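K.L.:
Build the 3D model from these lines:
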Amino acid sequence: MLRTRRSRLALVLLGLGVILVVVLVGAIGDSTTSVSGIVVNETGAPVVGAIVREKTKAPSTTTAEDGTFTLAGLVPGIEIMVTAWDEGYYPGGETVTPPAEDVTITLVLHPAEDNPDYAWYTSMADPDVPVGCGHCMVAFPQWVDNAHGQSGVNPRFFSMYNGTDVTGTIVMGDGYKDDFPGTAGNCATCHAPIAAANNPFTADMNELTGVAAEGVACEYCHKIAETYLNPATGLPYDNAPGVVSYALNRPPQNTHMFYGPFDDVTRRVCYLELEKESQFCAACHQFSFWGTPIYESFREWQESPYAAEGTQCQACHMAPTGVEYFVYPEKGGLFRDPDGIASHLQPGAADVALLQDTVELELTVAGADDGSAIAEVSITNTKAGHHVPTDYPGRQMILVLSAVDCEGNTLTLTDGPVLPEWCGTEAGLPGVAYAKLLRDVETGDMPVVTYWKQALIESDNRLAAFATDRTSYRFAAPDGMDEITVRAVVLFRRLFQELAEAKAWEMPDILMEEAETTLSLGAIDGDGTAD
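P.N.:
So this is what the prediction gives:
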């Protein structure tokens, strides 16, 4: 009898244990839940295809034909905001605690007509102006010092615009205003687009004031709604530089409208996929003067393997830096995946790290049967999605070689290319200069950077994406020398040296790559091998 009761008690306890395990397993397996509901517009009509997500999170769903949605994979019992967005609308959102049903998210149309009388906000963190990007945005200190943030005040630009040195006090020619006095030109369409937005061909760079002097200002880029491209070429239309090729969406006064790269920002911002695409950059990095293509980095990218694989310009020039928020947390910023937050550092021709990660240099040296040394050099554009160098035609990439014996004496080049006269200090040395060279049609001068006058492309040997250039050099080695050392360097120069010195552009060359090889010569057999 006692044994039977004990057996029954053991069975009861075992059963309770099984039930507890089932409950625990069920609880663990049901660690996520969902929110369902509908997305409607201001009239109550369903919005089809709207993107729905938990704010700041990557997983998303889209609304069905009746506007309904179910967003799964959410953590139960924790309050979140569920957002929705569709083209033409501001993102909307509702705060819920999953699981939840019958959630209604209402989307409001954003302004769709451009307001040319819009009063621009400053980008600067001005204490006297409470509304400005610099007060809250992580992007502001990145942007303010880069080429876009400086485009309205850059003294090198103004030396070329006005035909002076960088101080603006010495008139020495080679300037737009020098050649076309009394006109403004179209420089402002890219360099000061706020000034040019309503007057693209009469905005004078010397008369910039207020927000217009902030160059490619923050709010300007975030008011771009579309880039006009020729469907036949995929390029901007001819004679439509900068702001002329952009559709702006400036809202009515006292109304906020910004485009941004996130579809879940429920304050004043509307998502625009274009901001993540190379086309966003096209109008200021692809245009011609007098029919001669000058700025071509967009077309160069378009024809490169990068475009075919979907790698955009922003991948290099707006690469994430690990920051987890785009608005400072103390200003209400939310933490996000840092890989999804583009930086506004926008490195370019002045950035040493970017240039040193652009090309690769290989150098090999071998002895010849006549006792000379042969250096083989290859340069490959490994990281730039466009030609190197690109855009401004004053830029050069210069390969320079030197060869010395064990006593430091320079060896004579007996065969191989030498640098041209326009390389300045390096002229006549072994090497190759890579550049797009322009010739002035009227004077025949070459190379020139005065592309606002009619100029033709004299030559172009720049390196396209993944292209390699190989050159060979033969150096005479003195009798009795046991070894020689050959060194190769690749320099980046932003303007032809003579002109840079005249205009006082005090910018040292940037060392992109270097390599050095020492060859032990010994006694050379008749077959060219060392003993």
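K.L.:
Pull the contacting residues for the most centrally placed residue in the chain.
P.N.:
Relative to the mean C-alpha position of the chain, the nearest C-alpha, by C-alpha atoms, centre = their mean, is the one of His317, at 2.3 Å. If you count contacts by C-beta atoms under 8 Å, 6 or more residues apart in numbering, His317 has them with Gln346, Pro347, Gly348. From N, CA and C alone the C-beta is placed, and that goes for glycine too.
K.L.:
show me where pLDDT drops low in the protein?
P.N.:
1-30, 522-531 (pLDDT under 70).
K.L.:
Looking at the contacts of His317, state which has the most neighbours.
P.N.:
For the contacts of His317, counting by other C-beta atoms under 10 Å, the largest number of neighbours falls to Gln346: 22 neighbours.
K.L.:
Where does that one sit: helix, strand or coil?
P.N.:
coil (DSSP: H, G, I helix; E, B strand; the rest coil).
K.L.:
ok, it touching His148?
P.N.:
Yes. Counting by C-beta atoms under 8 Å, Gln346 sits close enough to His148 to count as a contact (5.9 Å).
K.L.:
of the contacts of His317, closest to Ala455?
P.N.:
Distances from Ala455 to the contacts of His317, taken as C-beta to C-beta, are shortest for Gly348 (23.0 Å).
K.L.:
I'd assumed Asp469 was in a helix, is it?
P.N.:
No. Secondary structure of Asp469 (three-state DSSP): strand, not part of a helix.
K.L.:
Skip the chain neighbours and tell me the closest residue to it.
P.N.:
Ile379 (5.3 Å; C-beta to C-beta, 6 or more residues apart in numbering).
K.L.:
how much space between Tyr473 and Leu401?
P.N.:
Tyr473 sits 6 Å away from Leu401, taking C-beta to C-beta, to the nearest Å as the criterion.
K.L.:
hey, what's in contact with both of these two?
P.N.:
Common neighbours of Tyr473 and Leu401 (C-beta under 8 Å, 6+ apart) are Ala375, Val377, Gly416, Pro430, Val486.
K.L.:
Farthest-apart pair in those residues, please.
P.N.:
Maximum distance among the shared contacts of Tyr473 and Leu401 (C-beta to C-beta): 11.4 Å, for Gly416 and Val486.
K.L.:
So which of the two has more stuff around it?
P.N.:
Neighbour tally, Gly416 and Val486, criterion other C-beta under 10 Å: the higher count belongs to Val486, 24 against 17.
K.L.:
counting contacts, what elements does the helix or strand hosting the more buried one pack onto?
P.N.:
Using DSSP states H and E, Val486 sits in strand 483-493. Secondary-structure packing of strand 483-493 (3 or more C-beta pairs under 8 Å, 6 or more residues apart in numbering; DSSP states H and E): strand 359-367, strand 373-381, strand 396-405, strand 468-476, strand 510-520.
K.L.:
Turn those into CSV, columns for distance to Pro329.
P.N.:
Formatted as CSV, the helices and strands packed on strand 483-493 follow (distance: least, C-beta to C-beta, whole Å):
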stretch, distance to Pro329
strand 359-367, 40
strand 373-381, 40
strand 396-405, 42
strand 468-476, 47
strand 510-520, 36
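K.L.:
Could you work out which of those reaches nearest to Cys313?
P.N.:
The nearest among the helices and strands packed on strand 483-493, by C-beta to C-beta, is strand 373-381 at 15.3 Å.
K.L.:
In the sheet, which residues pair with Leu456? Tell me.
P.N.:
Beta-bridge pairing of Leu456 under DSSP bridges involves Arg439.
K.L.:
Confirm for me that it is in contact with Thr292.
P.N.:
Yes. Leu456 is within contact range of Thr292, at 6.0 Å (criterion: C-beta under 8 Å).
K.L.:
Can you read off the backbone torsions of Pro130?
P.N.:
phi -70, psi -20 (degrees, to the nearest 10).
K.L.:
Next: Gln314.
P.N.:
Torsion angles, degrees, to the nearest 10, at Gln314: phi -60, psi -20.
K.L.:
Contacts only, for it.
P.N.:
Lys276, Glu277, Ser278, Phe280, Ala342.
K.L.:
what do you get for Thr68?
P.N.:
Ser36, Gly37, Ile38, Pro46.
K.L.:
Okay, it and Tyr89: tell me how far apart.
P.N.:
17 Å.
K.L.:
Which stretches in the stretch 101-250 of the chain count as strands?
P.N.:
With DSSP state E, counting those that start in this stretch as the criterion, the stretch 101-250 of the chain has strands at 224-227, 246-248.
K.L.:
Could I get the CA-only coordinates of the first one as CSV?
P.N.:
In CSV, the C-alpha atoms belonging to strand 224-227 read as follows (Å, rounded to 0.1, in the frame of the first residue of the first chain):
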residue,chain,number,x,y,z
ILE,A,224,17.2,68.0,-53.9
ALA,A,225,14.2,65.9,-55.0
GLU,A,226,15.5,64.6,-58.4
THR,A,227,18.5,64.7,-60.8
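K.L.:
And the strands in the stretch 251-400 of the chain, which stretches?
P.N.:
With DSSP E, counting those that start in this stretch as the criterion, the stretch 251-400 of the chain has strands spanning 258-260, 269-271, 287-289, 292-295, 359-367, 373-381, 396-405.
K.L.:
For Leu463, which of these is the nearest?
P.N.:
Proximity to Leu463, assessed across the strands of the stretch 251-400 of the chain by C-beta to C-beta, is greatest for strand 373-381 (4.1 Å).
K.L.:
now that closest one, how far from the chain's geometric center?
P.N.:
Computed by C-alpha atoms, centre = their mean, to the nearest Å, the chain-centroid distance of strand 373-381 equals 30 Å.
K.L.:
for stretch 337-353, same thing?
P.N.:
So, by C-alpha atoms, centre = their mean, the centroid of stretch 337-353 is 7 Å from its chain's centroid.
K.L.:
Please enumerate residues in contact with it?
P.N.:
Outside stretch 337-353, the residues that touch it by C-beta under 8 Å, 6+ apart are 58, 139-140, 142-143, 146-148, 261, 276, 314, 316-326, 354-355, 389, 391-392, 395, 492, 494, 507, 510.
K.L.:
Ends of stretch 343-350, what's the gap?
P.N.:
Start-to-end span of stretch 343-350 (C-alpha to C-alpha, to the nearest Å) is 17 Å.
K.L.:
where's Pro389 relative to Ala192, distance?
P.N.:
Applying C-beta to C-beta, the value for Pro389 to Ala192 is 24 Å.
K.L.:
If you could redo that for Ile51, that was the one I meant.
P.N.:
Noted for Ile51: a distance of 36 Å to Ala192, by C-beta to C-beta.
K.L.:
Next: Trp301.
P.N.:
25 Å.
K.L.:
what does Asn146 give?
P.N.:
The value you get for Asn146 to Ala192, if C-beta to C-beta is used, is 16 Å.
K.L.:
residue contacts, the spatially closest residue to Thr97 that is not a sequence neighbour?
P.N.:
Among residues not flanking Thr97 along the chain, Glu79 sits closest, at 4.9 Å (C-beta to C-beta, 6+ apart). Contact partners of Glu79, counting by C-beta under 8 Å, 6+ apart, are Thr95, Val96, Thr97.
K.L.:
ok, the spatially closest residue to the first one that is not a sequence neighbour - contacts?
P.N.:
Nearest in space to Thr95, with sequence neighbours left out and distances taken as C-beta to C-beta, 6+ apart, is Met81 at 5.1 Å. Contacts for Met81 were tallied using C-beta under 8 Å, 6+ apart; they are Glu54, Lys55, Gly93, Glu94, Thr95, Val96, Thr266.
K.L.:
mind giving me JSON lines with those and columns for neighbour count?
P.N.:
JSON lines is the format used below for the contacts of Met81 (neighbours: other C-beta atoms under 10 Å):
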{"residue": "Glu54", "neighbour count": "21"}
{"residue": "Lys55", "neighbour count": "17"}
{"residue": "Gly93", "neighbour count": "21"}
{"residue": "Glu94", "neighbour count": "17"}
{"residue": "Thr95", "neighbour count": "11"}
{"residue": "Val96", "neighbour count": "19"}
{"residue": "Thr266", "neighbour count": "16"}
